[in-house]
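Enquirer: Please work out how this folds:
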Amino acid sequence: MAEVKILIEGYAKETKNGWIANSSVVFIKSNRKNIIVDPGFDREKLLNELRKEKLKISDIDFVFLTHGHIDHSLLAGIFENAKIIDELCVYQKDSITKHNGIIPDTDIKVIRTPGHMEEHCSLVVNTEKGIYVVAGDVFWWLENEKQEIDINKPDSDPEHMNIKKLIESRKKLLKIADYVIPGHGKVFKVEK
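Expert: Take a look at the predicted model:
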């Protein structure tokens, strides 16, 4: 069974001139493989959290990206030994191969969850505690926003999103998950 640990709880706060934000950064250990999900873009904070876990950047086997927004993906390249994984492929140096919906050498499922962006995807992770879904920006909340599950909640990026697909992705994840780790906000238990 895999282990899941949130290294950085994602946050997002609108300011007068932009945003203060970073994605949830998640560490998963599965079949002796170390996986970082959405490494974000706060390098100092990420490196501090890795040190607390006694991990070096060279210890990471895979970096999984739920989507390409910079607040989720900027630091993917610091993990020099890691293969990068997105919705369809595994990237290593100049090699691109399909992963067929599973992170290689693990039982972690990659599922498409379009809406926030067309290429958005999420992870399904079986643990002793239950099924965790690392959802990226299928679910997110602003700082100090009440964290309520509203499948019809509009997206923060209406130019790129498709609300109909986002609602379907939210429904799909809520059916699968015991726990959801949102792109920005606290992990929540799904009440069935």
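
Enquirer: Just the helices from the protein, written as ranges.
Expert: In the chain, the helices defined using DSSP state H lie at 43-52, 70-73, 163-176.

Enquirer: Out of those, which is closest to Glu118?
Expert: helix 163-176 (7.8 Å; Cβ to Cβ). Backbone N, C-alpha and C define where each C-beta goes, glycine included.

Enquirer: Run through the neighbouring helices and strands of the closest one.
Expert: strand 121-127, strand 130-140 (3 or more Cβ pairs under 8 Å, 6 or more residues apart in numbering; DSSP states H and E).

Enquirer: Which one, of these, ends up nearest to Trp19?
Expert: Closest among the helices and strands packed on helix 163-176, using Cβ to Cβ: strand 130-140, at 12.0 Å.

Enquirer: Give me the mean pLDDT for that closest one.
Expert: Per-region confidence: strand 130-140 scores 97 on mean pLDDT.

Enquirer: and that strand, which strands flank it?
Expert: Strand 130-140 has the following strand partners under DSSP bridges: strand 121-127 (antiparallel), strand 179-184 (parallel).

Enquirer: Tell me what angle the last one forms with helix 163-176.
Expert: Angle between the axes of strand 179-184 and helix 163-176 is 150 degrees (criterion: axes from the mean of the first three to the mean of the last three Cα atoms, to 10 degrees).

Enquirer: what's the answer for the longest one, then?
Expert: Orientation note: strand 121-127 sits at an angle of 10 degrees relative to helix 163-176 (the same axes, to 10 degrees).

Enquirer: thinking again about what came up before, quick check: which of the helices of the chain is nearest to Gly183?
Expert: It is, among these and with distance given as Cβ to Cβ, helix 70-73, at 6.8 Å.

Enquirer: Next, the buried residues of the closest one.
Expert: For helix 70-73, the buried set under the neighbour-count rule, 16 or more other Cβ atoms under 10 Å, comprises 71-73.

Enquirer: sorry, back to before: want to throw the helices and strands packed on helix 163-176 into TSV with distance to Trp19?
Expert: Output for these, formatted as TSV (distance: least, Cβ to Cβ, whole Å):
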stretch	distance to Trp19
strand 121-127	22
strand 130-140	12
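
Enquirer: deepest of those strands, which one?
Expert: Most buried of those, by mean neighbour count (mean count of other Cβ atoms under 10 Å): strand 130-140, with a mean of 25.

Enquirer: Give me the distance from stretch 54-71 to the chain's centre.
Expert: Averaging C-alpha positions (Cα atoms, centre = their mean, to the nearest Å) puts stretch 54-71 10 Å from its chain's average.

Enquirer: So, low pLDDT: which residues of this protein?
Expert: Low-confidence segments of the chain (pLDDT under 70): 155-160.
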